[in-house]
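J.: return a 3D structure for these sequence lines:
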Amino acid sequence: MTKRSPRIHVAADLRVGGDVVLPEGPARHVARVLRLGEGATLRLFDGAGLEASAVLVEASRKRVVARVESVTTGACESPLTVHLGQAISKGDRMDYAIQKAVELGVVAITPLYTEHGDVRLKGEREAKKLAHWQGVAASACEQCGRAVVPPVHPPLALADWLAGRDEALRLVLHPATGGGLESEPSPDGVALLIGPEGGLAEAEVTAAREAGFEPLSLGPRILRTETAPVVALSLLQYRFGDL
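T.: Residues are numbered from 1 along each chain as shown. Have a look, this model is predicted:
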């Protein structure tokens, strides 16, 4: 079996014959962890849809440079556009939700402040957390083969996110009253709302329904906030996408 070349996200202009200096993190991974040297091959992608085959022309502890040999358009994007509104959860749970949502093809993620959510971010702490979440999304793309890194938008209050939604199909997870996807026509776009560990408040569910969101049930069991988007997105991709 041929070993796969590592995939690296670089915010760079990918042109045939051009040299790309790898950022510090990826450079350290390539040179010190993978121990790749000059002549080794790798895949680069710019996060905006282009992917390149490249070869290392410099691989020292201080600098790693790859030369682009060919450029293609990424082919792993889902035909279904889903914007995920995910209530912010603590620690690794939010990372997991973002990672799996990216693997399952979402085009955008907005972390949400909700009534029962117990995470509140401000100022520098919010900026650091947002940069971390965007890094999680980029790493997920490296693993799953996507060449477009979905944006993780700055956190919003739920009401503000609802006010901006105009997708053809808008869904809110609500196990008590929700239905399934069997009768839904294929939509141009989907907005998916996932509540926090304690669930959305009734007033929030009402606000979502007034904003055109239909309740969706994932069965009789209550799923964790980081598990719910995995199941919901899998169903959406199976019903309308490319699973």
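
J.: got the contact list for the most centrally placed residue in the chain?
T.: Among the residues of the chain, residue 102 comes closest to the average C-alpha position under CA atoms, centre = their mean, at 3.0 Å. By CB atoms under 8 Å, 6 or more residues apart in numbering, the contact set of residue 102 is 109, 136-137, 140-141, 144, 146, 149-150. Yep, even glycine has a C-beta here, placed from its N, CA and C like the rest.

J.: do residue 157 as well
T.: Contacts here follow CB under 8 Å, 6+ apart; on that basis residue 157 touches 112-113.

J.: mind pulling up the pLDDT for it?
T.: Note on residue 157: pLDDT of 97.

J.: again, but for the one 10 residues further on
T.: With respect to pLDDT, residue 167 has a value of 96.

J.: cross-check the contact I'm expecting between it and residue 80.
T.: No - judged on CB atoms under 8 Å, residue 167 makes no contact with residue 80 at a distance of 10.8 Å.

J.: which of those two has more neighbours?
T.: Between residue 167 and residue 80, counted using other CB atoms under 10 Å, residue 80 has the larger neighbour count: 23 against 17.

J.: can you give the contact residues for the helix or strand hosting residue 160?
T.: Counting by DSSP states H and E, the element that carries residue 160 is helix 158-163. Here helix 158-163 makes contact (CB under 8 Å, 6+ apart) with 85, 87, 110, 112-115, 193, 200, 204, 207-208, 211, 213.

J.: possible to save the residues you listed as CSV with pLDDT and neighbour count?
T.: Formatted as CSV, the contacts of helix 158-163 follow (pLDDT from 0 to 100; neighbours: other CB atoms under 10 Å):
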residue, pLDDT, neighbour count
85, 98, 27
87, 97, 27
110, 98, 21
112, 97, 26
113, 96, 18
114, 96, 24
115, 94, 15
193, 98, 31
200, 94, 24
204, 97, 22
207, 97, 17
208, 97, 27
211, 98, 19
213, 96, 23
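
J.: from those, which is closest to residue 10?
T.: The nearest member of the contacts of helix 158-163 to residue 10, counting by CB to CB, is residue 110 at 25.3 Å.

J.: how near is residue 188 to residue 69?
T.: Residue 188 sits 37 Å away from residue 69, going by CB to CB, to the nearest Å.

J.: and the two? which has more neighbours close in?
T.: Neighbours were counted for residue 188 and for residue 69 using other CB under 10 Å; residue 69 has more, 12 against 9.

J.: next secondary structure element downstream of the lowest-mean-pLDDT helix or strand in the chain?
T.: Counting by mean pLDDT, DSSP states H and E, the weakest-scoring helix or strand in the chain turns out to be helix 24-28, with a mean of 90. Going down the chain from helix 24-28, the next helix or strand is strand 41-45, by DSSP H and E.

J.: so what touches the helix or strand following that following strand?
T.: Later in the chain than strand 41-45, the nearest helix or strand by DSSP H and E is strand 50-59. Taking contacts as CB under 8 Å, 6+ apart, the residues outside strand 50-59 that touch it are 5, 14, 19-20, 30-31, 36-45, 64-74, 147.

J.: filter these down to the buried ones.
T.: Among the contacts of strand 50-59, those classed as buried by 16 or more other CB atoms under 10 Å are 14, 20, 30-31, 36, 40, 42-45, 64-66, 68, 71, 74, 147.

J.: list the buried residues in the lengthiest helix in the chain.
T.: Determined from DSSP state H, the single longest helix within the chain is helix 123-144. Across helix 123-144, burial judged by 16+ other CB under 10 Å covers 129-130, 133-142.
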